[in-house]
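Enquirer: Have a look at this prediction, sequence included:
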Amino acid sequence: MSPAPSAAEIRRLLRTLALPTFGLALAMSVLTTYAPVLLGEKTDSGAAIGLAIGAEGLFALFLPVLVGSLSDRTRSRLGRRLPYALFATPLLVAPLVLLPFSGSFAGTVALVSLFFVGYFVYYPPYQAMFAELVPATHTGRAVGIQGVARGLGLGAALVGGGFLLSAWAPLPFLLGAAAVVLTTFALLRGTPRVAAPVAAPGAARGQSVRALLRSRPDIRAFAAANLLWEMSFMGLKTFIVLYVLKGLGESMTTATAVIGVVAGSYVVAALVAGRLADRVGLMRLLKVSIWIYGAGLLFAATLHDLGPMLVALPVVALAGAVLMTLPYGILMRISPAGSEGAVSGLFNLSRAVGVIAGPVVVGLAIDLGAPFFSATAGYGAMWVAVGLPIVLSLAFLPAIAGERAEAAEPETTVAALDELALSA
C-alpha cells in the first residue's frame, strides 16, 4: 500500500489540477464574448449569431455523457483521462488561432462548433480527475481553488481581452490558445496516471449514466438539483442587465457595477468556501447558502428601486457564489469509483439542460408576469422565476448520500483537517 500523500503534495496536486480550468475558462470566455464581434462583421442577423454561439448547449446535451463514460473504460500509458485532454487540445487551439482570419460566416460558425466539440471532449474526463485523485478531506478546497481559477480566467478574458482586441483582433484569441496549451502541458506533467479505479469491495465500477440513474437515488437527486441551480443562474445572467436598464431605468454603468459586485463575490466565495466546507461540511454550507440566496432572490421581487437592493446585494451575491462553487465537490464525494467520468458527464448534461431552459423560463415569466410587476415593466417577475428553482432544490438535498455521510463524520477527521490547515 502506498503511503498517504503529504499536505504539501495535496496542495501541489490541487494547484496543478486547477490550472486547465483557468485556461479553459479564459478560452471559452474569449470565444463566447468576442466571436460574436467577428460574426457581426459577416452578418446582420442577431438570430444567426445567437444560434452560432448557442451551439454550446446542443453539444453539451450529448458529448459530455458519451466522452465521460468512455474515459472510464480507457486504458493507456497516460491513464484514463489525460488522452482526452491531449486529443482535444488541437480542437480547441486551431479554432482560436484561425477565427480572426476566417473570411466567411459559414467558416466562422464551423470553427466555433469545432471549439465546442473540443471543449466537451476535454472537460468531462478532466473534471473526473478531481473525483479520482483528490482525497475526500480536501474536496471543498479542490472546488474552491477550481472556482478561483475559473474566476481568474473569466476576468482575464473580459478585462484584458477588450484591450487586446482593440490593439489587434487576433490577440485575445491567441491568448486563449496559449493558455490552453500551457495549462494542458502542466496537467500532463504534474498529475499521476490512474489506470484502474481503486474501490472498496462491492463498489460500482464503470457504470453507464443510465445504470447510475437507475441504481443511485442520490445521484438522481443531485442531477435534478443541479439542473434547477443552473436554470436559475443562467436565467439571472441573461436578464440581469435588462432588469437594471429597463426594469429600474438605471444606466449601463450601474448595471456594470452590479455585475462587478457579483463577479467579485464569486472570487471571494471560491477563496473562502472551499476551506470552510471542509471544516463544517459541504452539505451544511450548501444548505445555508441555498436558504440565504433563495430568500434574497424572492425578496428582490418586492423591490422597485436600486437602493434596498444594493444593501442586500453583497450578502445575497456571496451566498449565490458559494452555491455556484460547491456542487461538484458534493458529486466528488458520491461518485462511485470507476464511474467518475460518467458522473462528470451527467453533471455537465444537467448543467446543459438548465442553461438551455433558464433563459426560456425566465423570459416567459417576464412576459406573463408583466401585469403583476408593472412598476418594473414586468422584469420583477425575473426574481420569482430564478428564486423558486433555488428554493425547490432543497427538496432534493435529503436524498443525497453525502448529507448523511457528513452528519456522521467523526470529530477526528475535523481535527485532522485543522492540523492540515495549520501545516498549509
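Expert: That came through fine.
Enquirer: Can you list the low-confidence ranges for the stretch 201-350 of the chain?
Expert: Residue ranges of the stretch 201-350 of the chain with pLDDT under 70: 201-206, 252, 256.
Enquirer: quick one, strands of it?
Expert: Listed in chain order, the stretch 201-350 of the chain contains no strands at all (DSSP state E, counting those that start in this stretch).
Enquirer: ok, now how distant is the residue minimising distance to the centre of the chain from S251?
Expert: For the chain, the residue nearest the mean C-alpha position is M324 (7.0 Å; CA atoms, centre = their mean). According to CB to CB, to the nearest Å, M324 and S251 sit 27 Å apart. Every residue, glycine included, has its C-beta placed from N, CA and C.
Enquirer: what helix or strand does the closest residue in space to P135 that isn't next to it in sequence sit in?
Expert: Leaving aside its sequence neighbours, P135 sits nearest to I10 (CB to CB, 6 or more residues apart in numbering; 6.5 Å). I10 is part of helix 7-40 when elements are defined by DSSP states H and E.
Enquirer: So which elements touch that helix?
Expert: For helix 7-40, the elements it packs on are helix 46-60, helix 82-98, helix 105-133, helix 139-155, helix 161-167, helix 171-190, helix 411-423, judged by 3 or more CB pairs under 8 Å, 6 or more residues apart in numbering; DSSP states H and E.
Enquirer: okay if I get these as TSV plus distance to V386 and mean pLDDT?
Expert: Listed next are the helices and strands packed on helix 7-40 as TSV, based on distance: least, CB to CB, whole Å; pLDDT from 0 to 100:
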stretch	distance to V386	mean pLDDT
helix 46-60	18	70
helix 82-98	31	95
helix 105-133	25	89
helix 139-155	20	83
helix 161-167	27	76
helix 171-190	30	93
helix 411-423	34	37
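Enquirer: Pretty sure the residue nearest to the centre of the chain sits against R150.
Expert: No. Here M324 lies out of contact with R150, judged by CB atoms under 8 Å, at a distance of 9.3 Å.
Enquirer: Quick check: phi and psi at the closest residue to G378 other than its chain neighbours.
Expert: The spatially closest residue to G378, leaving aside those adjacent along the chain, is A370, at 3.2 Å (CB to CB, 6+ apart). Taking degrees, to the nearest 10, you get phi -50, psi -40 for the backbone angles of A370.
Enquirer: Likewise for S104?
Expert: phi -140, psi 160.
Enquirer: residues touching it, list them.
Expert: K42 (CB atoms under 8 Å, 6 or more residues apart in numbering).
Enquirer: Apart from its neighbours in sequence, what residue is nearest F120?
Expert: Once flanking residues are discounted, F120 sits nearest to L63: 3.8 Å by CB to CB, 6+ apart.
Enquirer: Pull the number of nearby residues for that neighbour.
Expert: 22 (other CB atoms under 10 Å).
Enquirer: now do P36
Expert: Here the count is done by other CB under 10 Å, and P36 has 16 residues near it.
Enquirer: Give me the distance between it and A48.
Expert: On the measure of CB to CB, P36 and A48 end up 10 Å apart.
Enquirer: what residues are shared contacts of these two?
Expert: Counting by CB under 8 Å, 6+ apart, P36 and A48 have no contacts in common.
Enquirer: before we move on, back to that, the residue nearest to G378 reaches A377, doesn't it?
Expert: Yes. A370 is within contact range of A377, at 7.2 Å (criterion: CB under 8 Å).
Enquirer: quick revisit: the residue nearest to P135 and G68, how far apart?
Expert: According to CB to CB, I10 and G68 sit 24 Å apart.
Enquirer: Between those two, point out the one with more neighbours.
Expert: Neighbour count, other CB under 10 Å: between I10 and G68, G68 has more, with 30 against 20.
Enquirer: Buried residues, stretch 263-276. List them.
Expert: Buried positions in stretch 263-276, judged by neighbour count with 16 or more other CB atoms under 10 Å: 263-270, 273-276.
Enquirer: Over to stretch 86-97?
Expert: Judged by neighbour count (16+ other CB under 10 Å), stretch 86-97 contains these buried residues: 86, 88-89, 91-93, 95-97.
Enquirer: which one of those sits closest to G107?
Expert: Distance to G107, by CB to CB, is smallest for P95 among the buried residues of stretch 86-97, at 10.4 Å.
Enquirer: Thanks a lot, catch you later.
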